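In: I'll drop the sequence and a predicted model, then ask my questions.
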Amino acid sequence: MASILFATIGSLGDLHPLMAIGRELQKLGHAVTIATSDQHGPRIIENGLNFAEIPPKFPDEQNYNRLMERWMDPKHGSDRVVREFVIPALPGTHKALQPLVATADLVITHPFTVSAAYWAESMDKPWMAIPFAPLMFISEAEPPVVGNFLHPERLQWFGGPYPLRWLLRLAKWANGLGWKEFTKIRSKMGLPKLQGHPFLDYYMKNSSMVIAPFSRVLGQPQPDWPAQTCQTGFAFYDRNDTELHGDQPDHIEEFMASGTPPIVFSLGSTGVYTAGDFYIQAWESAKRLGQRALLLVGPDKNVPIPQNAGPDCLIVPYAPHVRVFPKSSVVVHHGGVNTTGQAFRSGRPQLVVPLAHDQFDNAVRVERARCGLSLPKSRFTADRAVPLLKALLSDASIQAKAKSAAETVASEPGAAGAAQAIDQFYRRYQDSEKSRTR
């Protein structure tokens, strides 16, 4: 069948959906390669997929925490990731992608590796976009919420939709200045000059297909989404990460079963590096409510954690969300799209504590779905969290909505549906190419 190349740069949240879809594509007979940074290689190979390393390399351990502080900033984090991580490596990334695209039949690319699409265009090969979260559609019909623009809908009180529309367009223009190196790369390749934003205009509008791997519970299709969008539901990647938790799953299972369902607290794979006193405040919140707690604190041994917490608080680096979220009373998490998906899937109420990037938008969407509440991590204290957690533990309507959301998520095709859509597209593409060459 086809040789399919996924290209991505980022955290586990930017990798796991591709691995889930990749495994499903393998079942359909396709060969799948994931091109990404060095740190993710062992994880990809462990799952039987092909790995190709491309720049940038992940920061070394000595600099990791300092950079996470910058990149998880609520107002400037996303721009800093582009300027300080993606752009400096762009020439090397672009060069490394050329031979990979040359040997692929189909390219599926993350926004940060959009130059893979340039190579595909130059080689007359089909390519697809895969924006992981609703915010990435930057819909004027459903304005995005970001760390420095938390209530865009309020502008509609002043003159209807026009102030908001023009502000969004101004924000797109300003953001596009940080992507100008992509425009230069394209010019050096001799490709036609494009108007607009390299991501928002080219990436989202010129792909053969836009795969939206998230549930309608999180984001309904909007009239200004690209016409070629295929929304599949969350592409869940479930595994037992022995590298992170060793023999702990049995220990975790014993804790989950040994009393009332605990509140589970998590900050994802990157938020844990900027945790501050989050886990101390988390356990204090649970104690005040007479609840047990499971704290997923990540691999950083310097993260502050409760001391002598006692038997009602289990502290571990990691636990598979699919195993612990459904057995919790409330899921408290950072709002990364994949963790949000697992929380919806579990049917449990959520308290979202966004740090940066799309997490504020996802938090608002959880509230709109009436499946939870939100409290920015920068404001997270026991005093503020306790009344919110108390409401989530006692509000029957939120609990019913959470269960209903889980049913919707379970009904969606997810990773298998995405793989089938990709497979069907490629079959149609092959047929059209055969007809053209006759």
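Out: Received it, and whenever you're ready, just let me know what you need. Residues are numbered from 1 along each chain as shown.

In: pLDDT wise, what is Leu200 at?
Out: Note for Leu200: predicted pLDDT of 76.

In: And the one 10 residues further on, by the same measure?
Out: pLDDT, the model's per-residue confidence, is 97 for Val210.

In: Identify the residue nearest it in space, chain neighbours excluded?
Out: In space, Val210 comes closest to Thr229 once its chain neighbours are excluded; the distance is 4.3 Å by Cβ to Cβ, 6 or more residues apart in numbering. In short, each C-beta sits where N, CA and C put it, glycine included.

In: measure the one you found to Pro413 for me?
Out: 15 Å (Cβ to Cβ, to the nearest Å).

In: What is the burial count for Val116?
Out: For residue 116 the amino acid is Ala, not Val. 28 (other Cβ atoms under 10 Å).

In: Now it. Its backbone dihedrals?
Out: phi -60, psi -40 (degrees, to the nearest 10).

In: quick one, phi/psi of the closest residue to Ala275 other than its chain neighbours?
Out: Using Cβ to Cβ, 6+ apart and skipping residues adjacent in sequence, the residue nearest Ala275 is Val303, 4.9 Å away. When quoted as degrees, to the nearest 10, the phi and psi of Val303 stand at phi -70, psi 130.

In: Model confidence score at Val303, please.
Out: Looking at Val303, its pLDDT reads 92.

In: Can you tell me the number of residues neighbouring it?
Out: 22.

In: Next, count neighbours for the residue nearest to Val210.
Out: Thr229: 17 surrounding residues under other Cβ under 10 Å.

In: where does it sit relative to Pro134, distance-wise?
Out: 11 Å.

In: Overlap of the contact sets of those two?
Out: Ala212 (Cβ atoms under 8 Å, 6 or more residues apart in numbering).

In: Now for the residue nearest to Val210: which residues touch it?
Out: 209-212, 221.

In: can you rerun that using 10 Å?
Out: With contacts defined as Cβ atoms under 10 Å, 6 or more residues apart in numbering, Thr229 is in contact with 129, 131, 137, 204, 207, 209-212, 221-222.

In: same check, this time on Trp179
Out: Per Cβ under 10 Å, 6+ apart, neighbours of Trp179: 82-83, 86-87, 90, 111-112, 114, 197-200, 202-203.

In: Show me which pair in those residues is furthest apart.
Out: Arg83 and Tyr202 (19.4 Å; Cβ to Cβ).

In: between these two, which one's more packed in?
Out: With neighbours defined as other Cβ under 10 Å, Arg83 and Tyr202 compare such that Tyr202 has more, 22 against 14.

In: For the nearest residue to that one once chain neighbours are set aside, give its distance to Tyr118.
Out: Spatial nearest neighbour of Tyr202, chain neighbours left out: Leu194 (5.2 Å); criterion: Cβ to Cβ, 6+ apart. With distances taken as Cβ to Cβ, Leu194 is found 10 Å from Tyr118.

In: Which residue of these two possesses the greater neighbour count?
Out: Set Leu194 next to Tyr118 and count neighbours by other Cβ under 10 Å: Tyr118 wins out with 23 against 15.

In: which residues touch the more buried one?
Out: Tyr118 touches 94, 97-98, 101, 109, 127, 182, 185-186, 188-189, 191, 198, 202, counting by Cβ under 10 Å, 6+ apart.

In: What about it? Give its phi and psi, please.
Out: Torsion angles, degrees, to the nearest 10, at Tyr118: phi -60, psi -40.

In: Look up how far Ala396 lies from it.
Out: 53 Å.

In: now swap in Gln359 and tell me
Out: 27 Å.

In: neighbour count winner among these two?
Out: Gln359 (32 against 7).

In: Excluding residues flanking it in the chain, which one is nearest that one?
Out: According to Cβ to Cβ, 6+ apart, the nearest residue to Gln359 is Gly335 (3.5 Å).

In: now swap in Thr260 and tell me
Out: Per Cβ to Cβ, 6+ apart, closest to Thr260 is Arg292, 6.1 Å.

In: do Arg23 as well
Out: Arg23's closest residue in space is Asn47 (Cβ to Cβ, 6+ apart), at 6.5 Å.

In: Return the backbone torsion pair for that neighbour.
Out: Residue torsions, per degrees, to the nearest 10, at Asn47 are phi -100, psi 10.

In: burial measure for it, as a count.
Out: 17.

In: Verify the contact between it and Glu24 for me.
Out: No - using Cβ atoms under 10 Å, Asn47 is not in contact with Glu24, being 11.8 Å away.

In: What is the burial count for the closest residue to Ser208 other than its chain neighbours?
Out: Nearest residue to Ser208 in three dimensions, chain neighbours excluded: Pro126, at 4.5 Å (Cβ to Cβ, 6+ apart). Applying other Cβ under 10 Å, we find 19 residues neighbouring Pro126.

In: quick one: Pro126 and Val101 touch, right?
Out: No - the pair Pro126 / Val101 is not scored as a contact, 11.1 Å apart, by Cβ under 10 Å.

In: quick one: common contacting residues for those two?
Out: Contacts common to Pro126 and Val101, judged by Cβ under 10 Å, 6+ apart, are 107, 120.

In: Low-confidence bits of the stretch 301-438 of the chain, can you list those?
Out: Applying pLDDT under 70 to the stretch 301-438 of the chain flags residues 437-438.

In: And the strands in it, which stretches?
Out: 313-316, 330-333, 350-352, 372-374 (DSSP state E, counting those that start in this stretch).

In: Report all helices and strands that whichever helix in the chain runs longest contacts.
Out: Longest helix in the chain, counting residues (DSSP state H): helix 414-437. Contacting helix 414-437 under the criterion 3 or more Cβ pairs under 10 Å, 6 or more residues apart in numbering; DSSP states H and E are the following elements: strand 3-7, helix 16-27, strand 106-109, strand 127-129, strand 209-212, strand 229-231.
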